[in-house]
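K.L.:
3D, please:
(one chain, ligands or ions: 2)
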Amino acid sequence: MKSHEKLTTASGRPYVENENSQSVGSRGPLLLQDYILHEKMAHFNRERIPERVVHAKGSGAFGTFTVTHDITKYTKAKIFSEIGKETKLVLRFSTVGGERGSADTERDPRGFAMKFYTEDGNWDLVGNNTPVFFVKDPKKFGDFIHTQKRDPYTNMKSPTMMWDYWSLNPESLHQVLILMSDRGTPFGYRHMNGYGSHTYSMINGANERVYVKFHFKTAQGIKNFTNEEAAEMKSRDMDFAQRDLFVNIDEGNFPQWNLQIQVMTEEQANSQDYYLNPFDLTKVWPHGDFPLIDVGVLELNQNPHNYFQDIEQVAFAPAHIVDGIGYSPDKMLQGRLLSYPDAQRYRLGTNYEQIPVNRCPFATNNYQRDGQMRVDGNGGSYPNYFPNSFDEMEIDQAYKEPPLEIFSDFSDWYDRNCEGENDHYTQPGNLFKIMTPEQQQNTINNIITHMSGIEGPMKEEIVNRQLSHWYRTDGRIGAGVAAGLGVDVDLLER
Ligand code: NDP
Ligand code: HEM
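P.N.:
Numbering: from 1, shown residues only. Ligands and ions are numbered 1, 2, ... in the order given. Okay, the predicted model is just below:
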């Protein structure tokens, strides 16, 4: 609580009156000179900034990452340099398709975006609560997302658009199955896993590269809403996940996630002997082939002091890597490297990296200058060009990554469905098999409920096309969904 401070204008002039505008007598019109009235109204009119084009509804907190196991043979990243090492972070959870005011319990993937403030710079890992994604080429992202947003004609969400797109893009099947399982409606944010999802690389002190997947397993245990519970919660508390996270942290019940990685050597990735493309975002690396390796513990232990300042303005970017962690040839990751900072320059402004939550707490130096809202000293009197004869800025070749061997030819550009790339069914089928009978039945019921929303002249075609994908995933899903939708399967087969 602030006490005994004077209310002032933004320029520091004390207010003498905050509720009555200056007027010509008590019943007369207002005076143009009432600058305080102008300032209050004008600032209010500018309070809203563009919401994120996806993942607009979110919740976040600050925390700590602590190393529990030594992985320095894989990476020289300072965040992993020794057991016991602690690094501060901010994490933002989100839903994907809804607007900023939408309900937390919608059936949707959940964002799991982290910014680690490391001595080598800020490392952002911008993941989801699922290990895979709906599409494997960034050119498809905007089309796909349009199907998750409002129909341009009805201005309503449209299961017709969603299933039309998914049924025409069977590479989405793996993610769609996870979405339709009860993991599509997690019980808030504390009871779900986070995944880096993409394949990234790690580079060690000897400048050797391995490929990695990041898994953050909830220490609270997996807990989900059923479809009915999620719908009920939507009407009872739209902000259930925000409340659950905030209250638990406020009460000192700090949620934790255990970080594990999977590692694939460069030779394994390049050999092309493995039956799947390690850089395909619609596939997981089976644990049996690439076991999980323990790394550390992430804990959220501090609520933001101000939501807008710390969470609405936070800007994550998969492009933000640090020494010892690198990209991979995953095409989706490559697309995302460009997209996020571009979106943030629009959403927050050119100098968005200077907003406190986005700032690297360690030294940053470059020749970028000026632009709207530049407030960090702007390089002072130092030169604003390179090379120059005045400062002693170094470009350090020690940070150079080892060269990347590429086994590909130009024709791959066109043939994304070449051999080994077009099995969209085995992994979702494996997932269905490891579900308990209750999870399987809930998943089938959730699909039936969701697909029941398909309508219009193309309904039969869309339903049948998607049914053929479900049959190929697991006959039990196909048969269960067909029966639930009242589709005559005999007629389908003929
Ligand atoms: P494993 O049995 O070794 O791994 C299964 C994984 O699936 C576990 O990580 C488990 O996560 C997760 N899981 C269990 N139930 C569900 C569910 N209802 N919805 C989503 N995930 C679930 O087998 P594989 O590694 O061969 O994978 C089999 C299938 O499991 C894959 O095809 C994929 O769909 C799914 N999966 C695989 C992951 C991987 O990285 N290999 C990661 C997540 C899912 P938890 O420990 O949190 O329960
Ligand atoms: C947010 C683009 C795929 C996770 C965003 C934003 C954009 C975007 C523009 C808003 C950024 C902002 O305004 O700050 C894309 C593109 C993709 C893609 C072009 C594919 C080519 C993915 C994938 C994941 C993911 C595969 C997860 C594995 C997220 C998360 C956020 C986000 C978690 C919210 C970050 C936050 O909390 O601020 N995405 N995205 N996206 N995206 Fe993606």
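K.L.:
tell me how far L298 lies from ligand 1.
P.N.:
In this view, L298 and ligand 1 are 15 Å apart by Cβ to the nearest ligand atom, to the nearest Å. Backbone N, C-alpha and C define where each C-beta goes, glycine included.
K.L.:
so what's L492 scoring on pLDDT?
P.N.:
The model reports L492 with a pLDDT of 61.
K.L.:
tell me, what residue is most central in the chain?
P.N.:
G111 (3.7 Å; Cα atoms, centre = their mean).
K.L.:
isn't D250 right next to P304, touching?
P.N.:
No. D250 lies out of contact with P304 (Cβ atoms under 8 Å); the separation is 11.4 Å.
K.L.:
higher neighbour count, those two?
P.N.:
P304 (20 against 10; other Cβ atoms under 10 Å).
K.L.:
and the more buried one, which of the three is it?
P.N.:
Recorded secondary structure, P304: coil (DSSP: H, G, I helix; E, B strand; the rest coil).
K.L.:
angles on the backbone of the residue nearest to the centre of the chain, please.
P.N.:
As for G111, its main-chain torsions (degrees, to the nearest 10) stand at phi -80, psi 150.
K.L.:
what bridges to it?
P.N.:
Per DSSP bridges, the residues bridged to G111 are S94, N128.
K.L.:
count of neighbours near whichever residue of the stretch 151-300 of the chain sits closest to ligand 2?
P.N.:
Per Cβ to the nearest ligand atom, S197 is where the stretch 151-300 of the chain lies closest to ligand 2, at 3.5 Å. Using other Cβ under 10 Å, S197 is surrounded by 27 other residues.
K.L.:
can you check N128 too?
P.N.:
23.
K.L.:
mind checking how far the residue nearest to the residue of the stretch 151-300 of the chain closest to ligand 2 when sequence neighbours are not counted is from N358?
P.N.:
Nearest residue to S197, sequence neighbours excluded (Cβ to Cβ, 6 or more residues apart in numbering): G127, at 5.2 Å. Distance, G127 to N358, using Cβ to Cβ, to the nearest Å: 18 Å.
K.L.:
same question, D273
P.N.:
42 Å.
K.L.:
look at those two and report which has more neighbours.
P.N.:
Comparing D273 with N358 by other Cβ under 10 Å, the one with more neighbours is N358, at 22 against 7.
K.L.:
wait, what's in contact with the more buried one?
P.N.:
115, 122, 313-315, 352 (Cβ atoms under 8 Å, 6 or more residues apart in numbering).
K.L.:
for PyMOL, write a command that selects the buried ones of the residues you listed.
P.N.:
Those of those that count as buried under 16 or more other Cβ atoms under 10 Å are selected in PyMOL with:
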select buried, resi 115+122+313+314+315+352
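K.L.:
strands - which of the contacts of N358 land there?
P.N.:
115, 122 (DSSP state E).
K.L.:
I'd like the contacts of N358 as TSV, with pLDDT and distance to Y385 appended.
P.N.:
Converted to TSV, these look like this (pLDDT from 0 to 100; distance: Cβ to Cβ, whole Å):
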residue	pLDDT	distance to Y385
K115	98	30
N122	98	26
Q313	98	30
V314	98	31
A315	98	27
Y352	98	23
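K.L.:
surely A343 forms part of a helix?
P.N.:
Yes. Per three-state DSSP, A343 lies within a helix segment.
K.L.:
give me the phi and psi angles of the nearest residue to it once chain neighbours are set aside.
P.N.:
Residue nearest to A343 in three dimensions, not counting chain neighbours: V53, with 6.2 Å by Cβ to Cβ, 6+ apart. V53 has phi and psi values of phi -70, psi -30 when expressed as degrees, to the nearest 10.
K.L.:
can you pull the pLDDT of V53?
P.N.:
Predicted confidence (pLDDT) for V53: 98.
K.L.:
beta partners of A61?
P.N.:
Beta bridges link A61 to L91 when assigned by DSSP bridges.
K.L.:
separation between it and ligand 1?
P.N.:
21 Å.
K.L.:
surely that residue meets I249?
P.N.:
Yes. If you go by Cβ under 8 Å, A61 and I249 touch, sitting 5.6 Å apart.
K.L.:
as TSV, the contacts of N358 with distance to P403 would be great.
P.N.:
Formatted as TSV, the contacts of N358 follow (distance: Cβ to Cβ, whole Å):
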residue	distance to P403
K115	29
N122	26
Q313	38
V314	34
A315	31
Y352	33
